[in-house]
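Novice: Here's a sequence, model it:
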Amino acid sequence: MDKYTLERDGQIDFYKVFLPRVKPDLDIDDILADNNDGVLNGNLLEFKLHVTDLNTVLFQCIKYLSALRVKGKPVPANILIIDLNAAAVWEYDSAPYLQYIERLYSGGASKDNSGFVGGAVKRALHYDNPLDAEALIKVLKEDNFTKIHIDENCVVGWATSFYRLVPNARKEDFLGDDTGKHKTIGEIRRPVHFKDYIYPYTGETNVKFNYLMDALNDFLQKKNLGAFYTPEPYAEKSLELVRQAIARVPAGNDYVIIDRCAGTGNLESHFTDEEMQHCIVSTIEYYEYKVLQELIGAKVRHIIPPIETADTFNAGLVTGADALSKEYIENPVIRQYIDDPNCTIILFENPPYSETTSIEHQKRKAGKSSGWKNSFVMQEMRKDRTVKGSAYNDLSNLFIWSAFKYYLRQSTDSYIVYSPVKYWKAQRLINKRFLDGFAFNRRHFHTNIDACIMCALWSNEDAKIDSFKIRAYDLAKDGSGGVLRSLKTVAA
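Specialist: Purely as a prediction, here's the structure:
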């Protein structure tokens, strides 16, 4: 007769028996923190009332190990499959299954596992036997792990773990390489803290992570920069607005498309070669700048700054690329187009947005201070008596206000901008002619929030409007590779 009818009861009894001999100060809840049956030292444990197919259960365990890798957590070297009613344990090494661990799986880990064929069991133990019980205790004390390779599926998880482990670390400490003028070799390329968990990343540059660069910033830099990735389907959709703006360029005029916060250039990823040749791009974050140079540097008209020098790196930022500085606004490369009456200006950008009263800042003793609060654009914006006080709290508003203040001069100039709609609807930061736009779901911009991000095409013409309608689009799948799903038209 079975001793257990509920797996949970047997699992708790197992830990009550063995934890005092292995790690008496460990809480069962700590062991069960990752939605599996437990990680204890270098062991992944999987319990069953009855094990009828070892291969099926082994594949379930592999999926759990895959999830640990993606989260940036060490992959245990041992897999222990436990039959509670038979008091039996089958031990496997996880290393031979690395090719499966480094894949992504969807759905429940316990589903669709039939057909998998694993290797031989390392050994079987029956812990109702004293000698086998002692052998099992020895295994449970082992603290060994299988090294994994860093790729685009797990790099964010390992970055999060790194910044949590090394609170004062910066992006260069995790991601740095030996290309460019600033040569800091980061943790992924020369592991120190993770030397037992990961293989050194051998990619020559960080271009493989181009769509993830915003998520790889350290905690405080994420808040200060406020940069968010634009999902590729949304970037492609907003190109329709860019082409509407290009169609407005008067006959005989040159035109430039300026993106002051280009990141790694994903907004421009679907441009034609002709459109790319009209682009002026910049980004303030150094490692994004290097990727931007590599991906589109030879295709665009200008990058700010045009080349990397010994002074380009500045505490993780790019000297001369701060779009909120007087230096940037007066940059002669850009000014030559602003001052040319025969050149039409199109701004196309997803400005950063940041709220520096966040708890993340307070935890790190950053308070309410942030560089952009003291920027040249903020100082000038405060002189504008038409700007409401609440507008000063959003970093994105500085980009929007300065776009019309310093760049757009003629009625055929255009601004395509991603931002929450409140800059127009609640704060009335601008009163311009609305031409077209879309509503996108903020959740897919590397956030966890379902909210509206408006991508609007504004003409540089004064207008007083009370409302307009925009078409809403969500993504049918995840934000990086999803398919646009049209929703109803919404009013703004």
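
Novice: so what's the backbone phi/psi at Ile346?
Specialist: Main-chain dihedrals, Ile346, degrees, to the nearest 10: phi -120, psi 120.

Novice: I misspoke; the intended subject was Leu40.
Specialist: Backbone torsions for Leu40, taken as degrees, to the nearest 10, come to phi -130, psi 110.

Novice: cool, Asp311 as well?
Specialist: phi -100, psi 0.

Novice: neighbours around it, how many?
Specialist: By the measure other CB atoms under 10 Å, the count of residues near Asp311 is 10. C-beta here means a position set from N, CA and C on the backbone, and glycine is covered the same way.

Novice: Tell me how far it lies from Pro305.
Specialist: For Asp311, the distance to Pro305 equals 9 Å [CB to CB, to the nearest Å].

Novice: which residues are in contact with both of those two?
Specialist: Thr319 (CB atoms under 8 Å, 6 or more residues apart in numbering).

Novice: Grab the nearest non-local neighbour of Asp450.
Specialist: Arg443 (5.1 Å; CB to CB, 6 or more residues apart in numbering).

Novice: so the closest residue to Met213 other than its chain neighbours is in which element?
Specialist: Closest residue in space to Met213, ignoring its immediate chain neighbours: Glu288 at 4.8 Å, by CB to CB, 6+ apart. In this structure, Glu288 sits in helix 286-296 according to DSSP states H and E.

Novice: State the mean pLDDT of that helix.
Specialist: The pLDDT scores in helix 286-296 average 92.

Novice: 308 is where my numbering starts, stick with that
Specialist: Fine by me, first position is 308 from now on; the one you just mentioned is helix 593-603.

Novice: Give me the contact list for it.
Specialist: With CB under 8 Å, 6+ apart as the test, helix 593-603 has contacts from 478-479, 482-483, 486-487, 489, 512-514, 516-517, 520-521, 523, 534, 569-572, 575, 583, 586, 588-590, 610, 615, 619-621, 623-625, 628.

Novice: and Val549, what does it touch?
Specialist: Going by CB under 8 Å, 6+ apart, Val549 touches Ile564, Phe578, Glu582, Ile653, Phe655, Ile723.

Novice: from memory the fourth one sits against Ile565, does it?
Specialist: Translated: Ile653. Yes. The criterion here is CB atoms under 8 Å, and Ile653 meets it with Ile565 at 7.1 Å.

Novice: re earlier: how far off centre is the helix holding Glu595?
Specialist: In terms of CA atoms, centre = their mean, to the nearest Å, the gap separating the centre of helix 593-603 from the centre of its chain is 16 Å.

Novice: again with stretch 315-330
Specialist: From the chain centre to the centre of stretch 315-330 is a distance of 38 Å (CA atoms, centre = their mean).

Novice: What subset of the contacts of helix 593-603 is buried?
Specialist: Burial by neighbour count, judged by 16 or more other CB atoms under 10 Å, picks out 478-479, 482-483, 487, 489, 512-513, 516-517, 520-521, 523, 534, 569-572, 575, 583, 586, 588-590, 610, 615, 619-620, 623-625, 628 from the contacts of helix 593-603.

Novice: how close does Ala783 get to Asp419?
Specialist: Distance, Ala783 to Asp419, using CB to CB: 21 Å.

Novice: Let me fix that, I meant to ask about Lys448.
Specialist: 34 Å.

Novice: just Asn748 next, same as before
Specialist: As judged by CB to CB, Asn748 and Asp419 stand 29 Å apart.

Novice: Comparing those two, which residue is more hemmed in?
Specialist: Using other CB under 10 Å, the more surrounded residue of Asn748 and Asp419 is Asn748, with 22 against 15.

Novice: Excluding chain neighbours, give the residue nearest to that one in space.
Specialist: Nearest in space to Asn748, with sequence neighbours left out and distances taken as CB to CB, 6+ apart, is Asp781 at 4.8 Å.

Novice: So that neighbour lies in a strand, does it not?
Specialist: Yes. Counting by DSSP: H, G, I helix; E, B strand; the rest coil, Asp781 falls inside a strand.

Novice: hang on, it packs against Phe745?
Specialist: No. Between Asp781 and Phe745 there is no contact under CB under 8 Å: 11.0 Å.

Novice: Local confidence estimate at Ala427?
Specialist: Ala427 is assigned 93 on the pLDDT scale.

Novice: That one: neighbour count?
Specialist: Residues near Ala427, counting by other CB under 10 Å, number 7.

Novice: so it, which of the three states?
Specialist: Three-state assignment for Ala427 (three-state DSSP): coil.

Novice: do Arg376 as well
Specialist: Three-state assignment for Arg376 (three-state DSSP): helix.

Novice: From what I see, it and Val463 are in contact.
Specialist: No. In this structure, Arg376 is not within contact of Val463 by CB under 8 Å, at 11.8 Å.

Novice: tell me, what's touching Ile653 and Ile565 both at once?
Specialist: Contacts common to Ile653 and Ile565, judged by CB under 8 Å, 6+ apart, are absent.

Novice: I'd like the next helix or strand past the lowest-mean-pLDDT helix or strand in the chain.
Specialist: The weakest-scoring helix or strand in the chain, judged by mean pLDDT, DSSP states H and E, is helix 666-670 (a mean of 43). Using DSSP H and E, the helix or strand that directly follows helix 666-670 along the chain is helix 683-688.

Novice: hang on, the earlier thing: for the contacts of Val549, give me TSV that also has pLDDT, distance to Tyr506 and neighbour count.
Specialist: Converted to TSV, the contacts of Val549 look like this (pLDDT from 0 to 100; distance: CB to CB, whole Å; neighbours: other CB atoms under 10 Å):
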residue	pLDDT	distance to Tyr506	neighbour count
Ile564	98	41	27
Phe578	97	36	22
Glu582	98	40	18
Ile653	98	45	26
Phe655	98	39	27
Ile723	98	42	26
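
Novice: Restricted to strands, list those.
Specialist: Secondary structure from DSSP state E places Ile564, Ile653, Phe655, Ile723 of the contacts of Val549 in strands.

Novice: which one of these is nearest Trp679?
Specialist: Phe655 (20.8 Å; CB to CB).

Novice: ok so, going back, test my guess that the residue nearest to Asp757 contacts Cys759.
Specialist: No. Between Arg750 and Cys759 there is no contact under CB under 8 Å: 10.6 Å.

Novice: Poorly predicted segments of this structure, please.
Specialist: Along the chain, segments meeting pLDDT under 70 span 308, 521-536, 661-677, 752-755, 784-799.
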